[in-house]
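Engineer: model this:
(one chain, ligands or ions: 1)
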Amino acid sequence: MIITEDTQRPYDVDYDFSDITIKAETWMPAIQYMFKKTLDVPGHVIEVGCYKGGVALRLAKILKEEEISKRVYALDTFEGFVFDDPSGGPMKVGAYSDIEGGEYDIIQLSGKLGLDVEPWAGDCRETLKSATLRNKKYSFAWIDVDFNCLITEAFFDIEKNMHKDGIIGIDDIGRPECPGAELALHNILKEGKWEIALFDKLSLQVFLRRKR
Ligand SMILES: C[S@@+](CC[C@H](N)C(=O)[O-])C[C@H]1O[C@@H](n2cnc3c(N)ncnc32)[C@H](O)[C@@H]1O
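Structural biologist: The predicted structure is shown next:
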């Protein structure tokens, strides 16, 4: 396990795509570092809780630059949280609902930039069980849905289709506003099948791989 320096996490990030800037909330260095380790692993990429698509588009851009043919599935309700955090965190219905064009902006931008991003609108606990996504194989997943019930269910849905050398990352571990993230990590680790490959204390991101 690698634990990086404990310093202040930046929360507002601007991602520039040609003439467009996307506001995002996810700090990329650790994601990029771990994502690049899975470039040779067969399977697609999936982000659960993509908000305006900043991370999904960034990952798709890396794939394009590396000339790797994988699709990035980008899941979100595109209307923010539809219930309050059951773990008692401050996140309430409607948080992250400021996504003007929703999935259509992502479709338009990925088309314009020649990136392969496919947004899926809806509750991830349903979209992940759709016949299409259930039948995909994945090499990398990024889960950023804050609540214990959402993270845990998404993780165990994706796990079934994750390549043995794939990596699943989870955001907000130890972030006071997202108490559910740490609970979800606990649920996952207690199954005994996954281990921490990297915990980045700067970004509060954890990356899991199957136990060898
Ligand atoms: C912390 S934000 C994601 C931030 C994003 N990864 C970024 O870097 O900009 C959490 C996202 O989870 C989405 N969300 C909330 N409940 C959801 C659900 N049941 N299914 C799918 N997405 C959901 C919200 O709409 C919001 O966009």
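Engineer: quick one: average pLDDT of whichever helix or strand residue 57 is part of?
Structural biologist: For residue 57, the host element (DSSP states H and E) is helix 54-65. For helix 54-65, mean pLDDT is 94.
Engineer: who's in contact with that helix?
Structural biologist: Applying C-beta atoms under 8 Å, 6 or more residues apart in numbering, the set of residues contacting helix 54-65 from outside is 13, 15, 17, 22-24, 26, 28, 31-32, 35-36, 39, 45, 47, 50, 69-70, 72, 74, 106, 109-110, 113-117, 119, 140, 142, 144. C-beta here means a position set from N, CA and C on the backbone, and glycine is covered the same way.
Engineer: quick one: it near the ligand?
Structural biologist: Yes. Helix 54-65 lies within reach of the ligand by C-beta under 6 Å from any ligand atom, at 54, 55.
Engineer: And the buried ones among the contacts of helix 54-65, selectable in PyMOL?
Structural biologist: Selection of buried members from the contacts of helix 54-65 for PyMOL, criterion 16 or more other C-beta atoms under 10 Å:
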select buried, resi 15+17+22+24+26+28+31+35+45+47+50+70+72+74+106+109+110+115+116+117+119+140+142+144
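Engineer: give me the subset of the contacts of helix 54-65 touching the ligand.
Structural biologist: 24, 26, 50, 144.
Engineer: Now intersect those residues with the strands, please.
Structural biologist: residue 24 (DSSP state E).
Engineer: In TSV: the ones next to the ligand among the contacts of helix 54-65, plus pLDDT and distance to residue 58.
Structural biologist: Below are these laid out as TSV (pLDDT from 0 to 100; distance: C-beta to C-beta, whole Å):
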residue	pLDDT	distance to residue 58
24	71	8
26	82	9
50	96	11
144	97	13
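Engineer: tell me which of the ones next to the ligand among the contacts of helix 54-65 is nearest to residue 131?
Structural biologist: Ranked by distance to residue 131 (C-beta to C-beta), those are led by residue 50 at 20.9 Å.
Engineer: Quick check: closest non-adjacent residue to the closest one.
Structural biologist: Computed as C-beta to C-beta, 6 or more residues apart in numbering, the closest residue to residue 50 that is not its neighbour in sequence is residue 74, at 3.9 Å.
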